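Student: 3D model of this:
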Amino acid sequence: MTLTTLRLSSSGRKVSYRDHGAGEPLVLIHGVGLQSAAWGPQIAVLQDRYHVIALDMPGHGGSDPLPVGSQLPDYVAWCHEVILEMGLAPVNLAGHSMGALIATGFAASFPDLTRRVALLNGVYCRDETSRQAVRARASEIQSGVVDLKTPLARWFGDTPVEIAAQAKVAAWLNALDLSGYATAYAAFAHGDATYAEQIQAIACPFLAMTGAGDPNSTPAMSQTMAEKVEQGTAVTISGHRHMINLTAVAEVNAHLLAWLNQPMTQKELQ
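Tutor: Have a look, this model is predicted:
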């Protein structure tokens, strides 16, 4: 999967992405510390029916970072700029983890540009203990203390599939631009409630999917989000944790295809 590079005309920032297939546009946004290659198992299947564009998030892969101190709305604005620059709207939009936060913000802020939205391992209104823990990790990263072993142990079990996926993720994490990572992680740590009040206004087909064993992007969070959205669906995948797109490929792809096949309402089509 070859990377393509785009220079945004408004901000001048470089964006790298993977572009495959034809049809309705499906934009994919990965999580903090990863890159667009993490969507490889989805691209391989979905490109047969859709125009799949997997973006490198700012400060990841080949994309330029956002300024230090940028918060979630700045990443949503970046996504908006990219989608308009590429002439893709309206789009189907799927995000994983931090990418799910961006996708939520985009769908809430730009309903006319959103066909459908899917969240994989998304977070929503963390409890106080989890909020303090993730913000403490963000502060450590900003100070230059980067622990990559702990999240890998939290994200993966010991099955052969998970071990293979963990090796890929470890390679991406070890190739990080630390400044871009720190900025994105801080936005992730502080963004779980940014669009909480706006999520109920999302009117398009909405999917929130996570692993039963994900302690931070919990099934309860996915269920709560889906219940707040008129066309919301929550899915919990048993036996998996935070990287369901890599460890539960067949199930994730099947649910994404079902979501993509959901009809848009007449109001959305107007």
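Student: which of the residues in stretch 140-152 are buried?
Tutor: The neighbour-count check on stretch 140-152 (16 or more other C-beta atoms under 10 Å) flags Ile141, Gln142, Val146, Pro151, Leu152 as buried. In short, each C-beta sits where N, CA and C put it, glycine included.
Student: again with stretch 22-38
Tutor: When neighbours are counted by 16+ other C-beta under 10 Å, the buried residues of stretch 22-38 are found to be 24-38.
Student: Please apply the same query to stretch 163-170.
Tutor: Ala165, Gln166, Val169.
Student: what's the answer for stretch 9-26, then?
Tutor: Buried, per 16+ other C-beta under 10 Å, within stretch 9-26: Arg13, Val15, Ser16, Tyr17, Arg18, Asp19, His20, Gly21, Glu24, Pro25, Leu26.
Student: Beyond the host helix or strand of the fifth one, next helix or strand please.
Tutor: Think Arg18. Using DSSP states H and E, Arg18 sits in strand 14-20. Sequence-wise, the next helix or strand downstream of strand 14-20 (DSSP H and E) is strand 25-29.
Student: In terms of secondary structure, what does that next one contact?
Tutor: Using 3 or more C-beta pairs under 8 Å, 6 or more residues apart in numbering; DSSP states H and E as the contact criterion, the elements in contact with strand 25-29 are helix 40-46, strand 51-55, helix 72-85, strand 91-96, helix 98-109.
Student: Parallel or antiparallel, which strands does it pair with?
Tutor: Strand pairing for strand 25-29, using DSSP bridges, gives strand 51-55 (parallel), strand 91-96 (parallel).
Student: related to what we said a few turns ago, possible to save the buried residues of stretch 140-152 as CSV with pLDDT?
Tutor: CSV is the format used below for the buried residues of stretch 140-152 (pLDDT from 0 to 100):
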residue, pLDDT
Ile141, 94
Gln142, 93
Val146, 90
Pro151, 90
Leu152, 93
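Student: Please identify which pair of the residues you listed lies farthest apart.
Tutor: The span of those, defined through C-beta to C-beta, is set by Gln142 and Leu152 at 20.3 Å.
Student: quick one on the thing from earlier: list just the nearest of the buried residues of stretch 163-170 to Tyr50.
Tutor: Closest to Tyr50 out of the buried residues of stretch 163-170 is Ala165 (23.3 Å), distances taken as C-beta to C-beta.
Student: ok, and the closest one, which helix or strand is that part of?
Tutor: In this assignment (DSSP H and E), Ala165 forms part of helix 160-174.
Student: Just after that helix, pick out the following helix or strand.
Tutor: helix 178-190.
Student: next SSE after that following helix?
Tutor: Taking DSSP H and E, what comes next after helix 178-190 is strand 206-211.
Student: elements contacting that next one?
Tutor: Helices and strands touching strand 206-211, as assessed by 3+ C-beta pairs under 8 Å, 6+ apart, comprise strand 114-120, helix 219-228, strand 232-237, helix 244-247, helix 249-260.
Student: So what touches the shortest one?
Tutor: Counting contacts by C-beta atoms under 8 Å, 6 or more residues apart in numbering, the residues outside helix 244-247 that touch it are 38-39, 41-42, 96, 120-121, 156, 159, 161-162, 165, 168-169, 209-211, 237, 240-241, 251-252.
Student: let's see 6 Å
Tutor: With C-beta atoms under 6 Å, 6 or more residues apart in numbering as the test, helix 244-247 has contacts from His96, Leu120, Val161, Glu162, Ala165, Gly211, Ile237, His240, Val252.
Student: Over to the longest one?
Tutor: Taking C-beta under 6 Å, 6+ apart as the criterion, the residues outside helix 249-260 that touch it are Pro41, Val45, Ala118, Leu207, Met209, Val235, Ile237, Ile244, Asn245.
Student: Between these, identify the one with the most neighbours.
Tutor: Met209 (29 neighbours; other C-beta atoms under 10 Å).
Student: Run through the bridge partners of it.
Tutor: Leu120, Val235.
Student: So for the nearest residue to Thr218 once chain neighbours are set aside, what's the pLDDT?
Tutor: Leaving aside its chain neighbours, Thr218 sits nearest to Thr210 (6.8 Å; criterion: C-beta to C-beta, 6 or more residues apart in numbering). Thr210 is assigned a predicted lDDT (pLDDT) of 98.
Student: Okay then, goodbye and thanks.
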